[in-house]
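Q: Here is my input; please provide its structure:
(one chain, ligands or ions: 1)
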Amino acid sequence: MKSANSVGPTIIVILGGTGDLTWRKLMPGIYNLFLDKWLPEKYAVIGVSRTEMTDEAFREHMQNGVDKFSRRGKADEKVWSGFEQNISYTQGGFDEQKTYDELEQKIEKIESEWNVKATRIFYMAVPPSYFEEIATKLGNSKLVENKELSRIVIEKPFGRDLKSAKELNDLLHSMYDESQIYRLDHYLGKETVQNILAFRFANAMFEPTWNRNYIDHVQITVSEQLGIGTRGNYYETAGALRDMIQNHILQLLCLIAMEPTVSFDADEVRNKKVDVLNAIRVIKPDEVHLNAVRGQYGPGWIEGEKVVGYREEQDVKKDSNVETFAAVKFFVDNWRWQGVPFYLRTGKHMNETISVISLQFRPVPHQSFPNSATGNWQPNRLVLNIQPHMGIKLGFQAKRPGLEMLMSPVDMQYDYSESYTSTTPEAYETLLLDIMEGDSTLFMRADQVEAAWKIVMPIIEQWEKNPSTSFPNYAAGMTGPEDAEALIARDGHNWFVTPPKNK
Ligand code: BG6
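A: The predicted model follows:
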């Protein structure tokens with residue numbers, strides 16, 4: 001559990017210090033932890049990259065990132081100058097032994113000045129092609145010798161498929177204890193995502209209905225208006241299934257479907273989540289077309305601006321078969337969820353940016369009101385709005401005021417922006433603090449990552465074997481390909497559409 005004094009002296013080494021992730025997310029996150037007094041008195045941040053740069057230039061670049069991307073806006077000059085004293089830069093290639101030797105000297109010097117052994121965090125904010133090299137070089141050095149006090153952080157994508165994920169896990173396990181490895185999925189740090197556990201397990205009234213007897217189906221949509229922008233090189237090796245479903249969206253599914261935990265011990269929570277992944281029915285190769293739909297955006301319009309199609313984006317092949325949209329129907333084969341479809345979908349350059357989970361309840365067993373009263377009937381629905389609007393909404397039927405007995409759907413709503421005035425911490429703030437505290441509850445364990453790959457592999461393999469003949473099959477700015485509508489319509493449902501006031 002977090003408390004202001006729970007973090008001891010800490011040194012955060014960011015490998016990839018001059019990269020985008022550090023600039024946009026990590027440094028603003030660390031700075032906000034400093035402002036909120038979560039950082040220990042003794043802390044140091046060391047950026048490492050190949051670029052030649054002085055400490056001063058690095059600090060200035062970092063301040064610029066904070067000014068641009070911090071949830072609190074521009075940094076106060078005086079406060080920043082206090083904070084930046086503890087930021088430094090080490091120039092070096094990740095393949096060069098001297099980089100690690102220099103780091104060792106630097107860290108030992110800081111620790112001897114502090115007169116204490118610090119927690120050492122090695123954050124790999126680098127493209128995945130560097131993971132193995134860095135992990136190996138660090139693993140062979142004295143930097144991570146102390147297993148209690150040294151941690152390595154690895155971002156997604158964790159492997160490109162089940163085989164490469166296993167290889168990466170094997171490599172890490174040959175040098176590190178699992179307890180030292182923090183596989184980060186930033187969705188798990190989002191405030192509204194953490195609230196799913198609070199909502200489900202701190203309230204007695206929802207749990208009795210949270211199963212196949214009451215819930216008809218579940219939908220999880222993560223749609224983005226943004227296209228792939230300048231990330232063509234990466235995206236061409238990924239696609240929507242690998243980029244979003246294998247990790248973020250399956251994690252959301254786990255939080256919805258998992259059994260209650262006995263405690264919030266990290267392994268207890270992760271055991272319950274991996275149980276869900278292991279229960280997801282693996283789609284047979286010849287049934288992939290019935291349960292999964294892919295799409296790729298063509299040219300279109302986003303908020304009144306003309307945008308190019310995926311195949312015309314920078315670093316993308318003109319005949320690319322990579323999907324920018326994916327929708328999948330899964331079943332969770334266990335007592336709680338047998339027969340309840342979970343529909344997941346995600347896409348780039350869609351009509352709106354929204355992450356939302358909707359649980360639709362079954363109809364009442366017997367309708368006692370006459371047809372004339374229930375013409376407007378809609379199923380009960382619980383909607384968890386993850387972002388950008390943050391809140392929870394429960395839709396139910398109520399009598400419309402008047403002399404006639406007429407039903408109308410109405411909502412009960414919890415809205416973060418109405419209930420709280422302060423801004424909520426960014427996912428990276430939560431996760432960085434967890435790493436400093438040594439709390440791995442919100443991080444992916446080796447078996448979770450592998451179980452998630454197992455689920456998506458048959459789809460990936462089928463799609464790679466059979467390139468789409470219809471790409472591009474949705475215009476940028478639309479809700480995805482028609483086949484995605486058919487996927488859910490075949491079962492008599494529609495994709496949930498958020499009313500405009502909730503966006
Ligand atoms: C990343 C994906 O993991 O998550 C991106 O690689 C995606 O493609 C991003 O845009 C979405 O994150 P968020 O927090 O903006 O929903």
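Q: Let me know the pLDDT of Lys2.
A: We have a pLDDT of 62 for Lys2.
Q: swap in Met405?
A: Looking at Met405, its pLDDT reads 89.
Q: Is it correct that it is in contact with Thr374?
A: No: Met405 sits out of contact with Thr374 when judged by C-beta atoms under 8 Å, with a separation of 9.4 Å. The C-beta positions use only the backbone N, C-alpha and C, and glycine is treated the same way.
Q: higher neighbour count, these two?
A: Neighbour count, other C-beta atoms under 10 Å: between Met405 and Thr374, Thr374 has more, with 17 against 12.
Q: For that one, which residues are in contact?
A: Gln367, Gln397, Met407 (C-beta atoms under 8 Å, 6 or more residues apart in numbering).
Q: got the CA coordinates for the helix or strand that contains Leu433 in PDB?
A: Using DSSP states H and E, Leu433 maps to helix 427-437. The C-alpha coordinates for helix 427-437 follow below in PDB (Å, rounded to 0.1, in the frame of the first residue of the first chain):
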ATOM      1  CA  ALA A 427      -0.800   5.900 -15.500                       C
ATOM      2  CA  TYR A 428       3.000   6.300 -15.600                       C
ATOM      3  CA  GLU A 429       3.000   8.100 -12.200                       C
ATOM      4  CA  THR A 430       1.200   5.200 -10.600                       C
ATOM      5  CA  LEU A 431       3.400   2.600 -12.200                       C
ATOM      6  CA  LEU A 432       6.700   4.400 -11.500                       C
ATOM      7  CA  LEU A 433       5.800   4.700  -7.900                       C
ATOM      8  CA  ASP A 434       4.800   1.000  -7.700                       C
ATOM      9  CA  ILE A 435       8.200   0.100  -9.200                       C
ATOM     10  CA  MET A 436      10.000   2.200  -6.600                       C
ATOM     11  CA  GLU A 437       8.000   0.600  -3.900                       C
END
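Q: can the helix or strand just after that helix be found next to the ligand?
A: Past helix 427-437, further along toward the C-terminus, the next helix or strand under DSSP H and E is helix 446-465. No: Helix 446-465 lies apart from the ligand when judged by C-beta under 6 Å from any ligand atom; the minimum separation is 13.6 Å.
Q: Quick check: pLDDT value at Val293.
A: pLDDT, Val293: 98.
Q: close enough to count as contact, it and Ile488?
A: No: Val293 is not in contact with Ile488 according to C-beta under 8 Å; the separation is 9.5 Å.
Q: Compare those two (neighbour count), which wins?
A: Of the pair Val293 and Ile488, Val293 is the one with more neighbours under other C-beta under 10 Å, namely 24 against 20.
Q: Please name the strands paired to the helix or strand the more buried one falls within in the sheet, noting orientation.
A: With elements taken from DSSP H and E, the one containing Val293 is strand 292-295. Looking at strand 292-295 with DSSP bridges, its partner strands are strand 325-331 (antiparallel).
Q: Other residues contacting the strand it pairs with?
A: Taking C-beta under 8 Å, 6+ apart as the rule, strand 325-331 contacts 239-241, 244-245, 253, 280-281, 283, 291-297, 337-348, 350, 455, 459, 474, 480-481, 483-484, 487-488, 491.
Q: From Arg400, how far off is the residue positioned nearest the centre of the chain?
A: Note on the chain: the residue nearest the mean C-alpha position is Tyr187, at 2.5 Å, using C-alpha atoms, centre = their mean. Shown here: Tyr187 relative to Arg400, a distance of 39 Å by C-beta to C-beta, to the nearest Å.
Q: tell me which parts of the stretch 201-350 of the chain are close to the ligand?
A: Taking C-beta under 6 Å from any ligand atom as the criterion, the neighbours of the ligand within the stretch 201-350 of the chain are Glu224, Asp243.
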